[in-house]
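[1] next comes the sequence, and after it the predicted model I'd like to discuss.
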Amino acid sequence: MVNKIFLISVLIGVPLSVIGSIMHWPTILMFIVYCLTIVALSSFMGRATESLAITTGPRIGGLLNATFGNAVELIISIFALQAGLVEVVLASLTGSVIGNLLLVAGLSFFIGGLKYKRQKFNVFDARHNSGLLIFAVILAFIIPEVFSLEMNDHKTLTLSIGISIIMIVLYLAALFFKLVTHRGVYQHSNENSHEHEEPEWKKGKAITVLAVATVAVAYVSEHLVHTFEEVGHTFGWSELFIGIIVVAIVGNAAEHASAIVMAYKNKMDIAVEIAVGSTLQIAMFVAPLLVLVSLLFPDAMPLVFTWPELTAMVTSVFLMIMLSNDGETNWFEGLTLLAAYVIMGIGFYLL
């Protein structure tokens, strides 16, 4: 029944998005249409991810979901950079980090925990990801901000470019470590629990659905970007709030839906891989790539965040590490993450 509702939403929402953008329908109306269409499309991305996870395993399934989901974020950010909205892009990257660690993981832990008293996931992956989170967010994001206090804009941009290249190389090395040299070395006993299941879609169809849904989401998202200014004026939202909360939630709708579904089905290895893996991909690949891409536009983007953004990301990382390093979770830990997200959302709204 739910799948039929999402299918109808896509069949109605995508044509309405195209027609509305051509006919220049009211901005607020189109903002709602775009957001609902992206959420509906994300459900197909979630189903495709589940099918791939059954056939390829939780690591690759979660990685594919994060990659296709973050492709939307990357496309939105490139359009925003082209429009000179550097602050919005940095804010959306911040929103993706805290959104994945607090909102996506929090909802997954909470909803899964309502059904199962204890849910386990691969503790070795959790500890491996913890080290990368500390490197990517705490080290690589804080260094440019601190050093920029003693540098001019040119040196700050040069430092950002150097850090970006290093982060991309390390991210690719981390994938090689997890998927090639140490694949199966730190396998959790629960990781094989899905092998007897039949995937909803075969691998080829699932990848095709992921690709088509990503293209459709990219189209809708590109038009969504142009509604932000008027929507912000109408509701009294700042560019910071739009970037951190609105863009991040809509841009990462695919991860939200997929991770929650996986947690509800007690497939926590996939849920955690989506939430944390997507965060690492944003911090170690998407953000550095955007720094390099921004060199093609008049306004280059240094990897320098504001102190409220850095504080939000650092505290999110520490909280996630503290709650996930034991390889177990429950509904109360999920509620704790959600509470932290709401507190930060209120703070950024008041800014």
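    That came through, no problem.
[2] I'd guessed residue 120 sits against residue 328; true?
    Yes - assessed by C-beta atoms under 8 Å, residue 120 is found in contact with residue 328 at 5.3 Å. The C-beta positions use only the backbone N, C-alpha and C, and glycine is treated the same way.
[3] by contact count, what packs against the helix or strand where residue 216 lies?
    Assigned by DSSP states H and E, residue 216 belongs to helix 203-225. Packing contacts for helix 203-225, counted by 3 or more C-beta pairs under 8 Å, 6 or more residues apart in numbering; DSSP states H and E, involve helix 2-23, helix 27-56, helix 58-82, helix 248-251.
[4] show me what the second one is packed against.
    With contacts taken as 3+ C-beta pairs under 8 Å, 6+ apart, helix 27-56 sits against helix 2-23, helix 58-82, helix 203-225, helix 228-235, helix 248-251, helix 253-264, helix 268-281.
[5] please list all residues in contact with residue 136.
    Applying C-beta atoms under 8 Å, 6 or more residues apart in numbering, we find residue 136 in contact with 167, 280, 283, 284.
[6] now do it against residue 166, distance only.
    Computed as C-beta to C-beta, to the nearest Å, the residue 136 to residue 166 distance reads 11 Å.
[7] any idea how far the worst-scoring helix or strand of the chain on mean pLDDT is from the chain center?
    Lowest mean confidence among the helices and strands of the chain (mean pLDDT, DSSP states H and E): helix 248-251, at a mean of 72. Counting by C-alpha atoms, centre = their mean, to the nearest Å, helix 248-251 is centred 8 Å from the centre of its parent chain.
[8] for that helix, C-alpha coordinates in CSV please.
    The C-alpha coordinates for helix 248-251 follow below in CSV (Å, rounded to 0.1, in the frame of the first residue of the first chain):
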residue,chain,number,x,y,z
ALA,A,248,20.2,18.8,4.1
ILE,A,249,16.9,17.1,4.9
VAL,A,250,15.6,17.2,1.4
GLY,A,251,19.0,16.5,-0.3
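[9] if I look at residue 226, how far off is residue 139?
    Separation of residue 226 from residue 139 (C-beta to C-beta) stands at 36 Å.
[10] more crowded one of these two?
    residue 226 (15 against 11; other C-beta atoms under 10 Å).
[11] pull out the buried positions in stretch 166-177.
    Using 16 or more other C-beta atoms under 10 Å as the test for burial, stretch 166-177 gives 167, 168, 170, 171, 174, 175.
[12] before we move on, what about stretch 204-218?
    Buried, per 16+ other C-beta under 10 Å, within stretch 204-218: 206, 207, 209, 210, 213, 214, 216, 217, 218.
[13] please apply the same query to stretch 83-97.
    Of the residues in stretch 83-97, 83, 85-97 count as buried by neighbour count, 16+ other C-beta under 10 Å.
[14] now do the same for the spatially most distant residue from the centre of the chain: helix, strand or coil?
    Distance from the C-alpha centroid of the chain peaks at residue 150, with 32.2 Å (C-alpha atoms, centre = their mean). At residue 150 the chain is in coil, as set by DSSP: H, G, I helix; E, B strand; the rest coil.
[15] for residue 156, see how far away it is.
    According to C-beta to C-beta, residue 150 stands 10 Å off from residue 156.
[16] can you check residue 321 too?
    According to C-beta to C-beta, residue 321 and residue 156 sit 29 Å apart.
[17] repeat that for residue 326.
    Applying C-beta to C-beta, the value for residue 326 to residue 156 is 39 Å.
[18] next one: residue 183
    According to C-beta to C-beta, residue 183 stands 39 Å off from residue 156.
[19] of those two, who's got more company?
    residue 156 (19 against 14).
[20] which residue, neighbours along the chain excluded, lies closest to the more buried one?
    Of all residues beyond its chain neighbours, the one nearest residue 156 is residue 148 (4.3 Å), with distances taken as C-beta to C-beta, 6 or more residues apart in numbering.
[21] how about the contacts made by the one you found?
    Residue 148 neighbours (C-beta under 8 Å, 6+ apart): 156, 159, 302, 304.
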